[in-house]
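J.: Pasting the sequence and the predicted coordinates here, then a few questions.
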Amino acid sequence: MTRWKEAAAWWIALSVLAVLIAGIAVLQYRSLGQLGEAERTRLRAGMQSATNGFARELDRELSRLFAAFGRVDVGRSGIEESMRRWKATAAYPRLLKSASIATSTECLSGPCPEWLQGRTGDLQVGELAKSSGPAHTELVFDDVPALAIARFGDLSKSPPVVSDWVVLELDRGVLARTVLPELARRWFGSDDGSGFQVAVVRDAQPNDVIYESKPNSLKSFLEGADSSASLLRLPDVSNDASPGPERFFRREVPSHAASATKRAAGEWRLLVRHEAGSLDAAVAGARLRNLVMNGSSLLLLSVTIAVLLVITRRAQSLAGAQLEFVAGVSHELKTPLSVIRSAGYNLSRGVITDWAKAREYGDAVRTEARGLTEIIDRAMYYAAFQSGSGPMVREPVQLPRIIEAAIAECAPTLDQARLEVRFRAEEDVPAVRADAAAIQHCIQNLLSNAAKYAAHSAPVSIGVARCDRDVQLWVEDHGPGIHPDDLPKIFRSFYRGRPIQGHAVQGVGLGLMLVDRTMRAHQGRVSVASRLGEGTRFVLHFPAA
């Protein structure tokens, strides 16, 4: 498969994965929206059910309270006896503060409580049909708080006659500190971490807080509660036809008088809201968290797949490069070994008898052996870089001396390529901290490349000079140059640039990579400038010692 087909296959695979992940993301988004709506409905129904249960339980406790005083005899002894009987079985015996039997003019069971004085006029007695305005059989004094319910005399009369009222004063402190907190815990969980906030306020004056589970939270309740219910609702005596102790006073208001009565509405209001601010905000927050978590999971999955694809792609590229490396090294080893083998065979068989010819054979063997040594050294140098072994010994060195040594080492190769080297060094070049052997290897790599690609051309220039804060060493040839598309890639491992016409030189693609890594190990860098048909200039930048 050609390279472009491989690249197309990879892009198709990535596109398919991207489409699949996008599809999964859309499905998750929609499903989370549906789940959010279902969760909102469930939470709202559960919250309203708990709110109604809270109200019913409080009303049930008040019903038991009224039932206990349903047959109170007129007089203080009857009231006290009913109160003792109720406290003996009550869940909250301290809830009742006082109890009275009263009419519109006086209290029949003893002195009127202070709060009731001047308010007995609300307790209408006599025939309901003859009362002025709407007739009441139940009253709530929400500011006290106190509850009053009418008692009828002879129900055989038509219309019925209200004989007196049972007035029960509740202890607001017990309600706020004991009854309401316990009901809140029972129906909405513990005070801390329940997820809900509960408040009880007066309908007439919402700023008058009876109870709140979280202090100073009234403002948020008044802005909007998720659910609410009326409290202090008294059972409708006119419709109470059930037998047994749950029925108030065990008597009825005749049906023809029901239209003349009016039942008081609840005067306190239970407000419930989610601790997130509202139920919608809580559901939206949970949906956002789920979206973030699912999105993060998809992102992590995408990144993991992308990394695996990149690693696989790089592994394939590395494997191909390593195969090319093995093929290149094998090819470069094969030529000198063939020359050495042929020369050795001719010498051993006595084919060469002329001393001058034998000397030429010896020079050829030495030249090819030097090439083998360079190939082996380059491979070992690369292996040392890859494994991180063999740390460099950096010490102050003079670059001109290293350049001279590198030129002398490469002299046979340069002579064979008939390439002249012109060396120029400024006088005030400072020393640099470097590993002399590693830098000499870099210079030899550049000179060897010049001998390969710029043979029989104009002289190669090499020099060193100080430039601002660094020291620059350059090698410039006048060969065919490097293609612009190859310039960003020539320092990669095993990279071989496209062959220039007439200059198909074999190699393994390690020399320039080793130069680049060596310079980076010296906190320096290597730069290159090249123009096709004019030549190439490599510059090694060293920080001054």
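T.: Alright, I've got the coordinates.
J.: how many other residues sit next to residue 185?
T.: When neighbours are defined as other C-beta atoms under 10 Å, residue 185 has 14 of them. For every residue, glycine as well, the C-beta is placed using N, CA and C.
J.: CA atoms of the strand or helix carrying it as PDB?
T.: If you go by DSSP states H and E, residue 185 is part of helix 180-188. Only the C-alpha atoms of helix 180-188 are listed here, as PDB (Å, rounded to 0.1, in the frame of the first residue of the first chain):
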ATOM      1  CA  LEU A 180     -41.900  21.600  63.600                       C
ATOM      2  CA  PRO A 181     -38.200  20.600  63.600                       C
ATOM      3  CA  GLU A 182     -39.200  17.000  64.400                       C
ATOM      4  CA  LEU A 183     -41.700  16.900  61.600                       C
ATOM      5  CA  ALA A 184     -39.200  18.500  59.200                       C
ATOM      6  CA  ARG A 185     -36.700  15.800  60.100                       C
ATOM      7  CA  ARG A 186     -39.300  13.100  59.700                       C
ATOM      8  CA  TRP A 187     -40.500  14.200  56.300                       C
ATOM      9  CA  PHE A 188     -37.500  15.900  54.700                       C
END
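J.: which stretches of the stretch 1-150 of the chain have low pLDDT?
T.: 1-7, 10, 70-76, 128-136 (pLDDT under 70).
J.: ok so, going back, what's the helix holding residue 185 in contact with?
T.: 50-51, 53-54, 57-58, 191, 194, 196, 198, 200, 210-211, 213, 272 (C-beta atoms under 8 Å, 6 or more residues apart in numbering).
J.: Report the rounded mean pLDDT for the next helix or strand along the chain from that helix.
T.: Following helix 180-188 in sequence order, the next helix or strand is strand 196-202 (DSSP H and E). Strand 196-202 shows an average pLDDT of 87 in the prediction.
J.: quick revisit: measure how far the helix holding residue 185 is from the centre of its chain, please.
T.: Centroid displacement of helix 180-188 relative to its chain, using C-alpha atoms, centre = their mean, to the nearest Å, is 36 Å.
J.: The helix or strand where residue 308 lies packs against which elements?
T.: For residue 308, the host element (DSSP H and E) is helix 279-348. Judged by 3 or more C-beta pairs under 8 Å, 6 or more residues apart in numbering; DSSP states H and E, helix 279-348 is in contact with helix 3-68, strand 268-274, helix 355-387.
J.: Against which helices or strands is the longest one packed?
T.: The one in question is helix 3-68. helix 76-89, strand 146-152, strand 161-170, helix 180-188, strand 227-231, strand 268-274, helix 279-348.
J.: JSON lines for these, including distance to residue 512?
T.: Shown next, in JSON lines, are the helices and strands packed on helix 3-68 (distance: least, C-beta to C-beta, whole Å):
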{"stretch": "helix 76-89", "distance to residue 512": "99"}
{"stretch": "strand 146-152", "distance to residue 512": "98"}
{"stretch": "strand 161-170", "distance to residue 512": "94"}
{"stretch": "helix 180-188", "distance to residue 512": "74"}
{"stretch": "strand 227-231", "distance to residue 512": "75"}
{"stretch": "strand 268-274", "distance to residue 512": "66"}
{"stretch": "helix 279-348", "distance to residue 512": "14"}
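J.: Name the surrounding residues that touch stretch 165-175.
T.: With C-beta under 8 Å, 6+ apart as the criterion, stretch 165-175 contacts 65-66, 69-70, 72, 92, 94-103, 113, 115-116, 123, 125, 139, 144-151, 210-211.
J.: hmm, which of those residues are the buried ones?
T.: 65-66, 69-70, 72, 92, 95-103, 113, 116, 123, 125, 139, 144-151, 210-211 (16 or more other C-beta atoms under 10 Å).
J.: tell me the phi and psi of residue 275?
T.: Backbone torsions of residue 275, given as degrees, to the nearest 10, read phi -70, psi -20.
J.: List the contacts of it.
T.: Per C-beta under 8 Å, 6+ apart, neighbours of residue 275: 194-197, 214, 282.
J.: Pick out the least confidently modelled helix or strand of this structure, by mean pLDDT.
T.: Sorting the helices and strands of the chain by mean pLDDT, DSSP states H and E puts strand 261-262 at the bottom, at a mean of 40.
J.: beta partners for residue 473?
T.: residue 464, residue 540 (DSSP bridges).
J.: Would you mark the buried spots in stretch 466-474?
T.: For stretch 466-474, using 16+ other C-beta under 10 Å, the buried residues are 471-474.
J.: Same question for stretch 435-442.
T.: For stretch 435-442, by 16+ other C-beta under 10 Å, it's 435-436, 438-442.
J.: With stretch 402-422 instead?
T.: 402-407, 409-410, 413-414, 417, 419, 421.
J.: so which of those would you say is closest to residue 367?
T.: The shortest gap between residue 367 and any of these belongs to residue 413, at 8.0 Å (C-beta to C-beta).
J.: how close does that closest one sit to residue 399?
T.: The gap separating residue 413 from residue 399 is 21 Å, by C-beta to C-beta, to the nearest Å.
J.: cool, residue 297 as well?
T.: 56 Å.
J.: Comparing those two, which residue is more hemmed in?
T.: Each of residue 297 and residue 399 has its neighbours counted (other C-beta under 10 Å); residue 399 has more, 24 against 12.
J.: if you skip the residues just before and after it, what's nearest to the more buried one?
T.: Excluding the flanking residues, the one nearest residue 399 by C-beta to C-beta, 6 or more residues apart in numbering is residue 464, at 4.7 Å.
J.: Report the contact partners of the one you found.
T.: Residue 464 touches 399-400, 403, 425-426, 429, 471-474, counting by C-beta under 8 Å, 6+ apart.
J.: go with 7 Å
T.: 399-400, 403, 425, 429, 471-473 (C-beta atoms under 7 Å, 6 or more residues apart in numbering).
J.: hang on, residue 537 in a strand?
T.: Yes. Residue 537: assigned to a strand according to DSSP: H, G, I helix; E, B strand; the rest coil.
J.: Wait, it touches residue 526, no?
T.: No. Assessed by C-beta atoms under 7 Å, residue 537 is found out of contact with residue 526, at 11.2 Å.
J.: and the two? which has more neighbours close in?
T.: Comparing residue 537 with residue 526 by other C-beta under 10 Å, the one with more neighbours is residue 526, at 19 against 16.
J.: can you dump the C-alpha coordinates of whichever strand or helix holds the more buried one into PDB?
T.: Residue 526 belongs to strand 525-531 when elements are defined using DSSP H and E. Output in PDB follows, covering the C-alpha atoms of strand 525-531 (Å, rounded to 0.1, in the frame of the first residue of the first chain):
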ATOM      1  CA  ARG A 525      21.300  24.600  18.600                       C
ATOM      2  CA  VAL A 526      22.000  23.900  14.900                       C
ATOM      3  CA  SER A 527      20.500  26.000  12.100                       C
ATOM      4  CA  VAL A 528      20.500  25.400   8.400                       C
ATOM      5  CA  ALA A 529      20.000  27.600   5.300                       C
ATOM      6  CA  SER A 530      19.900  26.100   1.800                       C
ATOM      7  CA  ARG A 531      19.000  27.000  -1.800                       C
END
